[in-house]
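sharing a model that was predicted from the sequence below.
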Amino acid sequence: MSVQLETEFSDQNQNGVNRPIVRFQKVSKSFDDQEILREIDLEIAPGEKVAVIGPSGSGKTTLARILMTLEEPTSGIVEVDGELLWHKKVKGKLVWADEKHLHRIRGSIGMVFQHFNLFPHMNILRNVTEAPIHVLGLSRDEAVERAITMLEKVGLADKLNAYPSQLSGGQKQRVAIARALVMRPKIMIFDEPTSALDPELVGEVLAVIKEIAAAGDTAMLLITHEMDFARDVADRVVFTDGGRIVEQGPPKEIFGAPDSPRLKSFLTRFRTGR
Ligand SMILES: Nc1ncnc2c1ncn2[C@@H]1O[C@H](COP(=O)(O)OP(=O)(O)OP(=O)(O)O)[C@@H](O)[C@H]1O
């Protein structure tokens, strides 16, 4: 396992008000000698909504999984709100962090996956209150109050006592969103949150995410194949191809005036369905 020297990475902005919520510095990831991410530099500002688009296999999910603490980078560093995610500093050098550190920092990262992974034997309210009680140490009353507010936000206040098996896929995904938001994360990560849903259920989930994005000041990283959604929800769109960030900018520029040939070709293929 590689250990990075601190001097390779910059320490700028550590105490500044404009410190990014997320910062990737030279992050690379290989699987079996195949480099999937190549020296990714990416910052997400407080409250910023960043959508990542790109061809299948370009490394979007891998990027999200590194930030979710589910996949460790081969090299490079990641910070969340100024705190190292995968490393810690010992005597001026960066060494790999232990599971305790990862567990603690994971509490500040909200994750919504393709598959909702709700607890089938718990009702909806309990699904949403479990982590605030057991991870944040809130009282049951406080957790219930927070959970109800979040379930109202995702339009499920009438389903508190229902069980996951009684909900549609779209409703289950909305519970998963409430479950992540109730932790008041520093960053919310959505990894293709609608790709496992029947087409008729996609709209309701995207609408909820859009509403939350518009109303809230939580930073978001959204991995998506839904170009209209990326255009509507994101402050910035990042286009990845071949494990690199090829182009990024406001949605208007990315979709309206793409620069690189690869992005142009990707968008054309998308529009024509080829
Ligand atoms: N655990 C793993 N072991 C080996 N290869 C992996 C692993 N995870 C991902 N890969 C490979 O890394 C590449 C990038 O995968 P990734 O899921 O990050 O791409 P993606 O851009 O999200 O693709 P998609 O849009 O299809 O979801 C793929 O070729 C994939 O097969």
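The structure has been received and is ready for your questions. Numbers count the residues shown, from 1 in each chain.

where along this structure do the strands fall?
Remark: strands assigned in the chain by DSSP state E are 22-31, 34-44, 49-53, 75-80, 83-84, 87-90, 93-96, 109-112, 187-191, 219-223, 236-241, 244-249.

turn the ones you listed into CSV, including mean neighbour count, distance to the ligand and mean pLDDT.
Quick note: C-beta positions are derived from backbone N, CA and C, even for glycine. Conversion of these to CSV gives the following (neighbours: other Cβ atoms under 10 Å; distance: least, Cβ to the nearest ligand atom, whole Å; pLDDT from 0 to 100):
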stretch, mean neighbour count, distance to the ligand, mean pLDDT
strand 22-31, 19, 3, 97
strand 34-44, 18, 4, 97
strand 49-53, 26, 8, 97
strand 75-80, 21, 15, 96
strand 83-84, 16, 22, 94
strand 87-90, 14, 21, 91
strand 93-96, 15, 19, 92
strand 109-112, 22, 15, 95
strand 187-191, 24, 8, 96
strand 219-223, 25, 6, 97
strand 236-241, 24, 7, 98
strand 244-249, 18, 12, 97
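
dump these to CSV, plus distance to residue 166.
Output for those, formatted as CSV (distance: least, Cβ to Cβ, whole Å):
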stretch, distance to residue 166
strand 22-31, 36
strand 34-44, 36
strand 49-53, 32
strand 75-80, 36
strand 83-84, 40
strand 87-90, 44
strand 93-96, 43
strand 109-112, 21
strand 187-191, 24
strand 219-223, 28
strand 236-241, 37
strand 244-249, 42
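
who touches the lengthiest helix in the chain?
Scanning the chain for the helix with the most residues, using DSSP state H, yields helix 199-215. With Cβ atoms under 8 Å, 6 or more residues apart in numbering as the contact definition, helix 199-215 has outside contacts at 49, 153-155, 168-170, 173-174, 177, 181, 190, 193-194, 197, 218, 220, 222, 226, 229, 232-233.

let's go with 10 Å and repeat that
Outside of helix 199-215, the residues that reach it under the criterion Cβ atoms under 10 Å, 6 or more residues apart in numbering are 47, 49, 51, 112, 150, 153-156, 168-174, 176-178, 181, 188, 190, 193-195, 197, 218, 220, 222, 224, 226, 228-229, 232-235.

residues of that helix that come out buried?
Buried residues in helix 199-215, defined by neighbour count with 16 or more other Cβ atoms under 10 Å: 201, 202, 204, 205, 206, 208, 209, 212, 213.

distance of the second one from residue 209?
The gap separating residue 202 from residue 209 is 11 Å, by Cβ to Cβ, to the nearest Å.

same thing with residue 216?
In this view, residue 216 and residue 209 are 10 Å apart by Cβ to Cβ.

gap between the two ends of stretch 150-161?
15 Å (Cα to Cα, to the nearest Å).

give the buried residues for it.
Neighbour-count burial for stretch 150-161, with 16+ other Cβ under 10 Å as criterion, is recorded at 150, 151, 153, 154, 155, 156, 159.

the second one and residue 182 touch, don't they?
If I follow you right, that is residue 151. Yes. The pair residue 151 / residue 182 is scored as a contact, 8.7 Å apart, by Cβ atoms under 10 Å.

now for these two: what residues contact both?
Overlap between the neighbourhoods of residue 151 and residue 182 consists of 127, 128, taking contacts as Cβ under 10 Å, 6+ apart.

so how far does stretch 130-150 reach from one end to the other?
End-to-end distance for stretch 130-150, by Cα to Cα: 14 Å.

list the buried residues of that stretch.
130, 131, 132, 133, 138, 143, 144, 146, 147, 148, 150.

looking at the residues you listed, which is nearest the ligand?
Using Cβ to the nearest ligand atom, residue 131 comes nearest to the ligand of the buried residues of stretch 130-150, at 25.6 Å.

grab the nearest non-local neighbour of that closest one.
Among residues not flanking residue 131 along the chain, residue 183 sits closest, at 5.8 Å (Cβ to Cβ, 6 or more residues apart in numbering).

what does residue 73 give?
Taking Cβ to Cβ, 6+ apart as the measure, residue 73 lies nearest to residue 27, with 4.8 Å between them; neighbours along the chain are not counted.

next: residue 168.
Among residues not flanking residue 168 along the chain, residue 201 sits closest, at 6.1 Å (Cβ to Cβ, 6+ apart).

gap between the one you found and residue 109?
Applying Cβ to Cβ, the value for residue 201 to residue 109 is 26 Å.
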